[in-house]
Structure formats: C-alpha cells, structure tokens
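Quick one: sequence and predicted model below, then my questions.
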Amino acid sequence: MSNFASLVRQSNLINGQWVGADNGQTIDVTDPATGETIATVPNSGQAETQRAIDAAHDAFPAYAGLTLGERVALMRKLHDAIQDNLEDMAQMLTAEQGKPLAESRAEVGSSAAYVLWFAEEARRTNGAIIPSPIAGRKLMTTRHPVGVVAAITPWNFPSSMLARKLGPALAAGCTVVVKPASATPLSGLVWGHLAEQVGFPKGVVNVLTGSARAIGGEITSNPKVRKITFTGSTEIGKQLLAEASSTVKRMSMELGGNAPFIVFDDADLDKAVDGAIIAKFRNAGQTCICTNRLFVQAGIYDRFVRAFAERVSAMKVAPGAEDGSEQGPLVDDAALSKIEELVEDALSKGGDLVTGGGRHDRGGLFYQPTVIGNATSAMRVTTEEIFGPVAPVYRFESEEDAIKAANDTDYGLASYAYTQDLARAFRLQDKLEYGLIGINEVLIVAPEIPFGGLKESGLGKEGSWQGIDDYLETKYTCIGGL
Ligand SMILES: NC(=O)C1=CN([C@@H]2O[C@H](COP(=O)(O)OP(=O)(O)OC[C@H]3O[C@@H](n4cnc5c(N)ncnc54)[C@H](O)[C@@H]3O)[C@@H](O)[C@H]2O)C=CC1
Ligand SMILES: O=C(O)[C@H](O)CS(=O)(=O)O
C-alpha cells in the first residue's frame with residue numbers, strides 16, 4: 001500500500017457512520033497491474049441501501065435549508081480538500097483502476113475543477129419574473145433542489161465521473177447516495193471521507209459498495225429517491241430507465257460511445273497522428289469518448305497508417321505507477337477476453353494486423369496497443385464499443401461517405417475530425433450526429449462544456465451552465481388579488 005493508505009476507507013458511509021455490510025461479507029479490490037488485493041470493501045445490499053436513502057431523505061430539509069453562502073463555502077472546502085490530497089488520490093486511483101499516474105493526476109485535478117465550477121454555478125440558480133397578461137397578478141418562477149439523488153458511477157473514471165454528479169447535486173442543495181463500481185470503489189469512498197472531513201452534515205453524502213443488482217434495485221424502486229444520475233454502459237442505462245419508471249424519477253444518463261475519428265486528405269498529418277494516439281489510447285482505450293473507428297481518406301491513408309502504427313508500436317506499456325507509462329493494464333479478465341475476441345473477429349474478416357494484436361509480454365492484463373488496417377463494416381469493432389487499445393482503420397473516398405459511415409451507429413457521444421478546410425469543419429458540425437465534436441483537437445472536455453451524448457449515448461448534460469439544471473425543479477407561483 002503506498003502513501004495513500006491513510007485515505008483508504010474499507011467500509012461504507014451511511015448517515016455519518018462508517019459501517020460494514022450487514023452480513024459481514026466483503027469484496028476484494030485488486031490492482032489490475034499486479035493482481036494483488038489492495039483493500040476490501042463491504043458487499044452491501046438492499047437493507048443498507050434503504051438505510052442510506054433514509055439518511056439522505058432525513059438530512060435533505062436541513063441541507064437544502066442552508067444559506068447559499070454556507071453551501072458554497074462547504075463546496076469550496078471540498079475543492080480545497082481534493083486539491084490538498086491530489087497526489088495520494090491519484091496514486092490510489094492508479095492502484096485500483098490501472099491508468100498511468102499522469103492520467104490519474106489529471107482526473108483528480110479535473111474532479112476538483114468540477115466541484116469548484118458548481119460551487120459557483122450554485123449562485124446562478126435564478127428563477128424569473130414573468131410579465132402578467134392579466135392585471136393584478138405577479139407571476140414568478142423559483143428553482144428548488146430535487147431531493148435525494150442516487151449517483152451510480154463507472155470504473156474507468158471513478159473520481160471525475162463522481163465529481164460531475166456530486167458537484168451539481170450538492171450545489172443545488174440535494175443529498176446523495178453514491179454507488180461506485182465494485183472494481184474501483186476506493187476513490188468514491190474517499191469522496192465520502194473528504195465530504196465528512198470538510199463539514200458536510202451527516203446523511204448528506206452516503207457512499208456504499210456491493211451488489212449492483214441489490215443496491216440498484218432499491219435505488220430504482222424507493223420513492224424517496226427523486227433522481228438517478230448514471231454513468232456506464234448503455235445496456236445498464238436502459239435497464240435503470242425501465243426500473244425507475246415505476247416511480248417517475250428524474251434521470252440523467254451518460255452512456256456508451258462509438259467515436260469516429262475522421263482524417264481527410266488535407267489534414268495536418270502529424271497533428272492527426274498525435275490526436276489519434278491520445279483519442280484512442282487514453283486509459284488504454286477504456287473511455288466512453290475514445291476513438292472506436294478511424295476513417296482515413298484514400299489519399300492520405302497509407303501515410304497515416306504508417307506514421308500512426310510507428311507511434312503506436314513505440315508506446316510504453318507498463319504499470320500505471322511506473323514512470324513514463326503510456327498504457328496500463330485492462331481492468332479485468334473479462335475486458336481482456338473481449339478485446340481478444342474483437343481482434344480475432346476483425347482479422348478473420350480481412351483486417352490487416354499492422355502492429356500489436358496480442359497479449360503484452362508483461363503478462364497479466366496487459367495488451368499490446370494494436371492497429372488493424374483494411375477494416376470493414378462487417379467487423380464487430382464497427383458496431384461494438386471496443387473499450388480497449390485496438391484501433392481499426394477504415395479507408396474512405398468522399399466526405400459524404402465518411403459522414404455516412406461515422407453516423408451509422410446507435411451511439412452519439414464523441415466524434416473527431418482532422419481537416420484544414422474551414423467550410424468542411426462547419427459542414428461536419430452540422431452533419432455529425434454526436435454530442436461532442438472535436439475538429440483538429442481531441443482533448444475537448446472541461447467543466448465549462450456540456451458533456452453528453454445523442455441517441456443511445458445518453459440523456460442530459462454534465463458540466464457547463466446546463467449541468468445543474470437536472471438537479472433542480474422549477475416552481476411557478478402566481479400572486480393574485482393585487
Ligand atoms: N458517457 C460517459 O460519460 C461515460 C460512459 N461510460 C460507459 O461505461 C461503460 C464502462 O463502465 P462500466 O462500469 O463497465 O459500466 P457498467 O454499466 O457495467 O457499470 C456502471 C455502473 O453501474 C453499476 N451497475 C451495473 N448493473 C447495475 C444495476 N443493475 N443497477 C444499478 N447499478 C448497476 C456498476 O456497478 C457500475 O457502478 C462503457 O460502456 C462506457 O462507455 C464510462 C465512462 C463515461
Ligand atoms: O469518457 C469517459 O469515460 C470520460 O467522460 C472521459 S473525460 O470526459 O473525462 O475525458
């Protein structure tokens with residue numbers, strides 16, 4: 001255990017108490033780079049979840065009743081606490097998730113930035129005075145916190161995905177029950193610890209780990225939960241939407257992706273290759289906005305594939321805590337097996353293996369960063385979210401062909417294109433069916449922007465001026481008889 005040991009919480013936070021599961025059962029947390037168990041957390045279930053929801057429900061009136069200044073002060077303290085613990089939180093994140101330490105530092109820094117953003121957005125939850133069409137009346141709207149929020153987060157960004165939910169929820173005056181992914185629970189539990197440490201009253205932030213189905217079943221059916229915010233796969237998102245319909249909860253969904261990366265003949269080749277490396281291989285390709293399909297125009301195809309593969313084959317694959325690591329391990333055996341299946345399928349359907357294509361010499365969950373040329377629409381990688389370090393490259397002739405192929409998916413989260421033609425850039429802005437579009441840039445996410453997908457990539461936006469809206473209800477009041 002590194003020097004983040006003092007931050008590790010191996011129990012659940014329910015109503016201000018750190019407790020184990022009722023049945024005493026635990027879940028092992030393993031370091032994907034070594035397979036070693038670094039912690040255990042409670043395997044909580046329905047009863048613990050019900051108690052956490054009750055705690056959040058009971059804490060809501062007082063927390064929502066804090067003054068704006070008191071809430072903003074608490075959030076700024078939380079921001080400062082994350083900043084003060086950034087290095088230890090980053091090392092913990094790499095230990096439980098596997099990403100390179102540099103990426104973990106960036107993720108924790110991003111987490112703090114989201115908290116600070118929403119500490120300020122809390123000041124702008126304005127209502128409106130509406131001109132009355134009838135004499136003797138004053139019409140107005142006011143905005144109010146929705147109530148108890150359940151936040152369910154994925155394993156690939158266990159800190160920043162939580163920041164995008166706790167930030168607006170706490171800023172709006174909501175109380176929260178958090179369920180982190182069982183593979184990476186430590187980051188979420190630390191948030192509970194820091195929230196408690198900076199003075200959020202007991203019951204405002206509750207964090208529990210354990211059976212997704214049991215916890216999820218209570219979250220979706222308990223009427224005290226007024227909103228669910230979920231980041232994860234489209235498959236689970238659809239399940240939650242269905243289950244939550246019985247109590248008509250507010251729902252925010254940040255789901256899967258199938259990002260196209262389009263390189264036109266007129267692109268700056270070096271910048272396109274730089275962008276492709278980042279957009280494909282960040283977090284070993286395990287992000288929802290990672291490039292899933294690279295479409296390269298015929299005139300630049302051979303030069304791009306050669307330059308791209310040369311850079312990919314030189315990437316340093318190593319444990320995330322090792323200096324200079326550019327790609328860590330996959331998260332678990334299931335992820336590794338799926339990547340092997342997808343590569344085998346692509347090669348069996350005519351793909352050219354340009355570099356990589358198998359498990360890395362480091363063994364364990366490490367996989368070679370891989371480039372497959374001559375990709376076709378018949379391959380599974382075309383329609384399935386790869387979520388790993390595999391880059392299928394498709395050749396295209398015309399701009400229309402590229403846009404048609406790029407949009408041919410049920411997903412609509414992120415998309416990228418490299419061109420020096422300004423008119424084409426604006427045509428892409430209009431025609432690409434994606435919530436996020438990067439033109440000659442791939443690092444396009446920040447607290448200031450509305451992050452969210454179209455089609456089956458999600459509902460709602462996280463971050464930006466829009467991010468707090470999903471945690472507020474608007475009331476209309478008419479004062480008559482004036
Ligand atoms: N749109 C976005 O911002 C992001 C989307 N993702 C997507 O998440 C997926 C990878 O993350 P995973 O954690 O594997 O996704 P997942 O959907 O398997 O799990 C996500 C979370 O939901 C929980 N969960 C699973 N079944 C549940 C149930 N029945 N009730 C309640 N909770 C349940 C899991 O324990 C985890 O905490 C990918 O599809 C990726 O595209 C990941 C990060 C960001
Ligand atoms: O894609 C994800 O999983 C995260 O949303 C990546 S980012 O938005 O933090 O870059």
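Noted; the coordinates are in hand. Treat the numbers as computed from the prediction; the structure is a model and nothing was measured. Numbering: from 1, shown residues only. Ligands and ions are numbered 1, 2, ... in the order given.

which one is residue 222 nearest to, not counting chain neighbours?
The spatial neighbour of residue 222 that comes closest, neighbours along the chain excluded (C-beta to C-beta, 6 or more residues apart in numbering), is residue 53 at 5.2 Å. The C-beta positions use only the backbone N, C-alpha and C, and glycine is treated the same way.

What distance do you get for the one you found to residue 223?
10 Å (C-beta to C-beta, to the nearest Å).

and these two? which has more neighbours close in?
Set residue 53 next to residue 223 and count neighbours by other C-beta atoms under 10 Å: residue 53 wins out with 22 against 12.

Wait, a strand at the more buried one?
No - under DSSP: H, G, I helix; E, B strand; the rest coil, residue 53 sits outside any strand and is assigned helix.

OK, contacts around it?
148, 150, 177, 218, 219, 222, 224, 225 (C-beta atoms under 8 Å, 6 or more residues apart in numbering).

Which ones among those residues map onto strands?
Among the contacts of residue 53, the members falling in strands (DSSP state E) are 148, 150, 177, 225.

Mind listing what's buried along stretch 187-198?
Using 16 or more other C-beta atoms under 10 Å as the test for burial, stretch 187-198 gives 187, 188, 189, 190, 191, 192, 193, 194, 195, 196, 198.

quick one on the thing from earlier: can you tell me which two in the contacts of residue 53 are farthest apart?
By the measure C-beta to C-beta, 148 and 218 form the most distant pair in the contacts of residue 53, at 12.0 Å.

Compare these two and say which one has the larger neighbour count.
Using other C-beta under 10 Å, the more surrounded residue of residue 148 and residue 218 is residue 148, with 29 against 22.

Specify the local secondary structure of the residue nearest to the more buried one when sequence neighbours are not counted.
Closest residue to residue 148 apart from its sequence neighbours, by C-beta to C-beta, 6+ apart: residue 56 at 4.5 Å. Assigned with three-state DSSP, residue 56 falls in the helix class.

okay but residue 56 is in contact with residue 208, surely?
No - using C-beta atoms under 8 Å, residue 56 is not in contact with residue 208, being 11.1 Å away.

Secondary structure element holding residue 253?
Element membership for residue 253 (DSSP states H and E) is strand 250-254.

List the pairing partners of that strand within its sheet, with orientation.
Paired with strand 250-254 in the same sheet, following DSSP bridges, are strand 225-231 (parallel), strand 458-459 (antiparallel).

and for residue 56 and residue 208, which residues touch both?
By C-beta under 8 Å, 6+ apart, the residues touching both residue 56 and residue 208 are residue 177.

ok, how many other residues are close to residue 259?
If you count neighbours by other C-beta under 10 Å, residue 259 ends up with 29.

Just give me the neighbour total for residue 328.
With other C-beta under 10 Å as criterion, residue 328 counts 28.

Quick check: it vs residue 369, distance?
In this structure, residue 328 and residue 369 are 11 Å apart, going by C-beta to C-beta.

any common contacting residues for those two?
Between them, residue 328 and residue 369 share these contacting residues under C-beta under 8 Å, 6+ apart: residue 317.

buried set for stretch 245-260?
So, applying 16+ other C-beta under 10 Å, buried residues of stretch 245-260: 249, 250, 251, 252, 253, 254, 255, 256, 257, 258, 259, 260.

cool, and stretch 454-471?
Buried residues in stretch 454-471 (16+ other C-beta under 10 Å): 455-464, 466-471.

end to end, how far does that stretch reach?
20 Å (C-alpha to C-alpha, to the nearest Å).

near ligand 2 at all, that stretch?
No - Stretch 454-471 lies out of reach of ligand 2 by C-beta under 6 Å from any ligand atom, never closer than 8.4 Å.

Can you give the distance of that stretch from its chain's centre?
In terms of C-alpha atoms, centre = their mean, to the nearest Å, the centre of stretch 454-471 is set 12 Å apart from its chain centre.

what helices or strands is the stretch of helix or strand residue 404 belongs to leaning on?
Counting by DSSP H and E, the element that carries residue 404 is helix 399-407. Other helices and strands packing on helix 399-407, by 3 or more C-beta pairs under 8 Å, 6 or more residues apart in numbering; DSSP states H and E, are strand 259-263, strand 291-297, strand 390-396, helix 422-431.

hang on, the earlier thing: would you mind finding the most buried of the strands paired with strand 250-254?
strand 225-231 (a mean of 25; mean count of other C-beta atoms under 10 Å).

What average pLDDT does the very next helix or strand once past that strand get?
Sequence-wise, the next helix or strand downstream of strand 225-231 (DSSP H and E) is helix 234-244. Helix 234-244 carries an average pLDDT of 98.

ok, helix 234-244 near ligand 1 or not?
Yes - Helix 234-244 lies within reach of ligand 1 by C-beta under 6 Å from any ligand atom, at 236, 239.

That helix relative to strand 225-231, how many degrees between them?
170 degrees (axes from the mean of the first three to the mean of the last three C-alpha atoms, to 10 degrees).

Around ligand 1, which positions in the stretch 301-450 of the chain sit nearby?
Going by C-beta under 6 Å from any ligand atom, the residues of the stretch 301-450 of the chain near ligand 1 are 385, 387, 413.

Going by distance to ligand 2, which of those residues wins?
residue 413 (7.8 Å; C-beta to the nearest ligand atom).

and that closest one, how many residues sit next to it?
As a burial measure, residue 413 scores 28 neighbours (other C-beta under 10 Å).

same question, residue 313
14.

which residue sits closest to it, ignoring its sequence neighbours?
residue 355 (4.4 Å).

Please verify my assumption that that neighbour contacts residue 307.
No - Residue 355 lies out of contact with residue 307 (C-beta under 8 Å); the separation is 11.9 Å.

Dump the buried residues of stretch 187-198 to TSV, plus distance to residue 125, pLDDT and secondary structure.
Shown next, in TSV, are the buried residues of stretch 187-198 (distance: C-beta to C-beta, whole Å; pLDDT from 0 to 100; DSSP: H, G, I helix; E, B strand; the rest coil):
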residue	distance to residue 125	pLDDT	secondary structure
187	28	98	helix
188	26	98	helix
189	29	98	helix
190	28	98	helix
191	23	98	helix
192	25	98	helix
193	28	98	helix
194	24	98	helix
195	21	98	helix
196	25	98	helix
198	22	98	helix
